[in-house]
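>>> after the sequence you'll find the predicted model.
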Amino acid sequence: AQSVTQLDSQVPVFEEAPVELRCNYSSSVSVYLFWYVQYPNQGLQLLLKYLSGSTLVKGINGFEAEFNKSQTSFHLRKPSVHISDTAEYFCAVSRTRGGSNYKLTFGKGTLLTVNP
Amino acid sequence: KAGVTQTPRYLIKTRGQQVTLSCSPISGHRSVSWYQQTPGQGLQFLFEYFSETQRNKGNFPGRFSGRQFSNSRSEMNVSTLELGDSALYLCASSATSGGGGEQFFGPGTRLTVL
């Protein structure tokens, strides 16, 4: 089974400051890694994903994440945040093969609040 | 292309009733997954359908069921509603049958059980 831990439930930050949202995972098999964003009263939108290859992944809206296999981490970063980045962010994993490899296992989420 | 649509967006039911939620995937997508989102438990996988077959089910009681039609539209049903079933139910569709493919989420149906 897989599990995902998002180390911070809330992260307040000022506009134009850098931000890092932390994610650690546990799995006995190889996994794909994802970050999703959820704005109020909306569904989830994919920010970026790591399937293979370069461990630094760039996504939409200026976000990037780095896969660290030895530390089983996939932290999300943005060098300069905007008010519009205020949302809840979810880290997720899925198995790369085998049964139920389409199933996403999510962390509990991190609420990013960007203050003016 | 139209996104994933879910109907209704909001529902209020009372304990003991049953409810049916609908999900229309993106045109051409054959995989539909359902997730329950609550403040306490977060996002939890309910089940996934591909080409009208349920391929996997999460750890939910038998009161939760679903189906997929030949046009890939999916419904989920919850019978004998309990207060704890109050949640946002999210549907996601994918073009691929395996892992790694992007799942596109709908806006969700917010179910309130009184």
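The structure has been received and is ready for your questions.
>>> can you tell me the closest non-neighbouring residue to A:Thr86?
Nearest non-adjacent residue to A:Thr86, counting by CB to CB, 6 or more residues apart in numbering or on different chains: A:Val114, 4.9 Å away. Any C-beta I mention is one placed from the backbone N, CA and C, and that applies to glycine too.
>>> all strands for chain A, in order.
Here chain A has its strands, by DSSP state E, at A:3-6, A:10-14, A:19-21, A:23-26, A:31-38, A:44-50, A:56-58, A:64-68, A:73-78, A:87-95, A:105-106, A:110-115.
>>> low-confidence ranges, chain A, go.
Within chain A, the ranges that satisfy pLDDT under 70 run A:98-101.
>>> in TSV, list the strands of chain A along with mean neighbour count.
Putting those into TSV (neighbours: other CB atoms under 10 Å in any protein chain shown) gives the following:
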stretch	mean neighbour count
strand A:3-6	18
strand A:10-14	13
strand A:19-21	19
strand A:23-26	19
strand A:31-38	24
strand A:44-50	20
strand A:56-58	14
strand A:64-68	18
strand A:73-78	21
strand A:87-95	24
strand A:105-106	20
strand A:110-115	17
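>>> quick one: those strands as CSV, columns for distance to B:Lys13 too.
Output for these, formatted as CSV (distance: least, CB to CB, whole Å):
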stretch, distance to B:Lys13
strand A:3-6, 31
strand A:10-14, 32
strand A:19-21, 35
strand A:23-26, 35
strand A:31-38, 24
strand A:44-50, 24
strand A:56-58, 41
strand A:64-68, 39
strand A:73-78, 37
strand A:87-95, 26
strand A:105-106, 26
strand A:110-115, 28
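>>> now for the ones you listed, which one comes closest to B:Phe50?
strand A:87-95 (14.6 Å; CB to CB).
>>> which residues are contacting that closest one?
Contact with strand A:87-95 is made by A:2, A:4, A:6, A:21, A:23, A:25, A:27, A:29-40, A:44, A:47, A:74, A:76, A:101-107, A:109-112, B:43, B:99-100, as judged by CB atoms under 8 Å, 6 or more residues apart in numbering or on different chains.
>>> rerun at 6 Å
Contact partners of strand A:87-95, identified using CB atoms under 6 Å, 6 or more residues apart in numbering or on different chains, comprise A:2, A:4, A:6, A:21, A:23, A:25, A:29, A:31-39, A:101, A:104-107, A:109-112, B:99.
>>> cool, and stretch B:70-86?
So stretch B:70-86 is contacted by B:13, B:15-25, B:30, B:32, B:34, B:49, B:63-68, B:112-113 (CB under 6 Å, 6+ apart).
>>> filter those residues down to the buried ones, ChimeraX style.
Paste this into ChimeraX to select the buried members of the contacts of stretch B:70-86, with burial taken from 16 or more other CB atoms under 10 Å in any protein chain shown:
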select /B:13,19,21,23,24,25,30,32,34,49,64,65,66,68,113
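>>> what mean pLDDT does stretch B:89-99 have?
Averaged across stretch B:89-99, the pLDDT comes to 84.
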